[in-house]
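>>> Would you be able to build a 3D model of this:
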Amino acid sequence: MEHEVETERIMRTARLAGRLLLENGAETYRVEDTVKTILEGFGFEEVAVLALPTGAVYSFVDEKGVPRSEVIRTKARTTNLGQVAKVNSISRGMVSGEIALEEGCKSLEALRQARPQPLWIAMPASAVSAAFFSLLFGASGFDFCIAFLCGALTRALAMFFREDSVSSTMYALISGAISAIIAAGSVRLFHIGNQTPIIIGAIMPLLPGLAITNAIRDTVNGDLVSGVARTADALLKAVAIAAGVGAVIALWR
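This is a model prediction of the structure:
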């Protein structure tokens, strides 16, 4: 009985680590290596892990020679490298013996229950990012201010959308449209500025740059299914942003 409890705790720990990495935008190889390291670190043999952007499957043979397997399924996907770094740190600590299994499991559970970044931090960060990106494309002081406003509003809009693929795509579409409306409307209302650097600066924080990078890395590593899936997801969001901006500009004319 005690053996079963211990095995279940190890499986739960591996499952939590894998799910957290998948949900926060970690590369496929990182998910597989982390789950495999945890299971092998606690004495399990013949560990095999297959990770995909929407889930993972792992199997192993426990200390009594009993084969086991489990599926990790997730639909929520975002990019949070801080969470990825924390999961890596906890998993390494457990394997090295610096962190007890029970403590590590509780730490991973706490990460999963952690609240998202507060809006009062996220909005200024997105606003400043959009504003300074606009400067890179020749924005004036007026353009800088409008891009700042666009960045803040599009980040606030994220509150009304979940982190699954459909909602994130709709968020990208609507955010692109709102940025274009504010940029074009401000330039025509005040008769100063240039809408192009405003729009470019506003949509830069929305672009899935890290997702595309991970997709390329997965493809190069030989994880072709994950690479193609991540590429398709990233391109879908990029197209949604472009469609939102393009529709507004076309209708405005």
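
>>> got any ranges where the stretch 51-200 of the chain has weak pLDDT?
163-165 (pLDDT under 70).

>>> try 80 this time
Across the stretch 51-200 of the chain, the ranges flagged by pLDDT under 80 are 63-64, 76, 115-119, 162-167.

>>> Tell me where it has strands.
Along the stretch 51-200 of the chain, counting by DSSP state E, counting those that start in this stretch, strands occupy 55-61, 67-73.

>>> partners of the first one, with directions?
The pairing partners recorded for strand 55-61 under DSSP bridges are strand 45-52 (antiparallel), strand 67-73 (antiparallel).

>>> And the shortest one, what's buried?
Neighbour counts over strand 67-73 (16 or more other C-beta atoms under 10 Å) mark residue 72 as buried. In this view, the C-beta of every residue, glycine as well, is placed from N, C-alpha and C.

>>> Any idea how far the top helix by length along the chain is from the middle of the chain?
Criterion DSSP state H: the longest helix present in the chain is helix 224-252. Averaging C-alpha positions (C-alpha atoms, centre = their mean, to the nearest Å) puts helix 224-252 16 Å from its chain's average.

>>> circling back: would you mind giving the strands of the stretch 51-200 of the chain as JSON lines with distance to residue 206 added?
Output for those, formatted as JSON lines (distance: least, C-beta to C-beta, whole Å):
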{"stretch": "strand 55-61", "distance to residue 206": "26"}
{"stretch": "strand 67-73", "distance to residue 206": "27"}
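
>>> before we move on, back to that, mind putting the strands paired with strand 55-61 in TSV, distance to residue 245 included?
TSV is the format used below for the strands paired with strand 55-61 (distance: least, C-beta to C-beta, whole Å):
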stretch	distance to residue 245
strand 45-52	31
strand 67-73	34
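
>>> Quick one: closest of the ones you listed to residue 142.
Closest of the strands paired with strand 55-61 to residue 142 is strand 45-52, at 46.4 Å (criterion: C-beta to C-beta).

>>> could you give the angle of the closest one to helix 224-252?
For strand 45-52 against helix 224-252, the angle by axes from the mean of the first three to the mean of the last three C-alpha atoms, to 10 degrees is 20 degrees.
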